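[1] One predicted model, sequence on top.
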Amino acid sequence: NLLAGGAKPLAGRKAVVTSGPTHEPIDPVRYIANRSSGKQGHAIAAALARLGADVTLVSGPVTIPDPTGVNVIHVERAEEMRDAVLAALPADVAVMVAAVADWRVASAAGNKIKKKPGEAPPPLQLAENPDILKTVGHHANRPKLVVGFAAETENVADNGRSKLERKGADYILANDVSPATGIMGGDRNRVKLISADGNDDWPEMDKEAVAEKLAALIAAELERREQ
Ligand code: CTP
Ligand code: CA
């Protein structure tokens, strides 16, 4: 095992990872968000750091602690996350794990919106957020390896593959997040690795183990590309 004895195959490599949800304000006290614990993204950042990478983790609001050995940038909104990711380039690898809110409120209120007795609820006008993975995947300073996730509740392989192509990623880890799987918010994950080489079904394992396996794959692939 090449990794035995604390080998650092990612020494001298830079990585940028996103994790957690984003919170998009409606007003100073309310927001819209996706569900995300941050467990998988944080575990990936930590695993890359253990292999010697210089890791910047851009995290939305989560309740779990910052991983050790990682430079953590805390953000709230998708636009802040995008700005922090772009500021971390150039990098050798980008792993976009965050559950970015697809929409933000077009003009968030500066003051708390008050309920008005007898009036209809306020309509929310939404605007589309930047697609951070797609931006990185097509960037002039594109990392050598760009990895994304695809959270799906149906047609996991097909939806994952179309995200691979649309976003300019090298790998998509697609997972079924239907409520019945119990994946969402839990400590385990079952992913399908989608790449130009085909699909590879990984068995269900701890999010930590998914992170280790992905970090090892990234190290091997960066190495292979330099042969
Ligand atoms: N992603 C991103 N920025 C966004 C939306 C998604 O960086 N604004 C990234 C996620 O971090 C993930 C990948 O894109 O790595 C796929 O996210 P997902 O929500 O599954 O895909 P979407 O393209 O947003 O499509 P949809 O939600 O409609 O399935
Ligand atoms: Ca989405």
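    That came through, no problem. Ligands and ions are numbered 1, 2, ... in the order given.

[2] all strands for the protein, in order.
    Using DSSP state E, the strands found in the chain span residues 14-19, 23-27, 30-33, 54-59, 71-74, 93-96, 103-105, 126-128, 145-152, 171-176, 188-189, 191-195, 198-201, 205-206.

[3] Sheet-wise, list the partners of the fifth one with their directions.
    Sheet pairing for strand 71-74, assigned by DSSP bridges, gives strand 54-59 (parallel).

[4] Also the third one?
    Here the strand partners of strand 30-33, with direction, are listed using DSSP bridges: strand 23-27 (antiparallel).

[5] Columns mean neighbour count, distance to ligand 1 and mean pLDDT on top of the strands of the chain, output as TSV?
    No exception for glycine: its C-beta is placed from N, CA and C like everyone else's. Output for those, formatted as TSV (neighbours: other Cβ atoms under 10 Å; distance: least, Cβ to the nearest ligand atom, whole Å; pLDDT from 0 to 100):
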stretch	mean neighbour count	distance to ligand 1	mean pLDDT
strand 14-19	28	6	98
strand 23-27	18	11	98
strand 30-33	17	13	97
strand 54-59	26	10	98
strand 71-74	16	15	98
strand 93-96	28	4	98
strand 103-105	18	9	98
strand 126-128	11	8	98
strand 145-152	23	3	96
strand 171-176	24	7	95
strand 188-189	20	14	91
strand 191-195	22	11	96
strand 198-201	12	16	96
strand 205-206	14	19	94
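
[6] Tell me which of these sits nearest to residue 46.
    strand 54-59 (8.1 Å; Cβ to Cβ).

[7] Go ahead and name everything in contact with the closest one.
    Strand 54-59 is contacted from outside by 12-20, 38, 41-42, 45, 48-49, 66-67, 69-75, 81, 84-85, 88, 91, 98, using Cβ atoms under 8 Å, 6 or more residues apart in numbering.

[8] try it again with 6 Å
    Outside strand 54-59, the residues within contact range by Cβ atoms under 6 Å, 6 or more residues apart in numbering are 14-20, 45, 48-49, 70-74, 81, 84-85, 88.

[9] Kindly report the same for stretch 67-80.
    With Cβ under 6 Å, 6+ apart as the test, stretch 67-80 has contacts from 22-24, 42, 45-46, 49, 55-59, 66, 81, 84, 100-101, 129.

[10] Same check on stretch 178-196?
    35, 37, 153, 160-161, 164, 171-175, 177, 199-202, 204, 206-207, 210.

[11] Same check on stretch 86-100?
    In contact with stretch 86-100 (Cβ under 6 Å, 6+ apart) are residues 13-22, 34, 36, 40-41, 44, 56, 60, 78, 132-133, 136, 141, 143-149, 218.

[12] Equivalent analysis for stretch 156-164, please.
    With Cβ under 6 Å, 6+ apart as the test, stretch 156-164 has contacts from 150, 152, 172, 174, 176, 194, 199.

[13] what does stretch 210-217 give?
    Applying Cβ under 6 Å, 6+ apart, the set of residues contacting stretch 210-217 is 43-44, 47-48, 51, 189.

[14] and the protein, which of its residues are near ligand 1?
    Contact residues, the chain versus ligand 1 (Cβ under 6 Å from any ligand atom): 18, 78, 96-98, 100, 102, 129-133, 148-151, 163.

[15] Flag the shaky bits of this protein, pLDDT-wise.
    Scanning the chain for pLDDT under 70 picks out 1-5.

[16] any idea which residue sits dead centre in it?
    Nearest to the mean C-alpha position of the chain, by Cα atoms, centre = their mean, lies residue 97 at 1.3 Å.

[17] Can you tell me the closest non-neighbouring residue to that one?
    Among residues not flanking residue 97 along the chain, residue 41 sits closest, at 3.4 Å (Cβ to Cβ, 6 or more residues apart in numbering).
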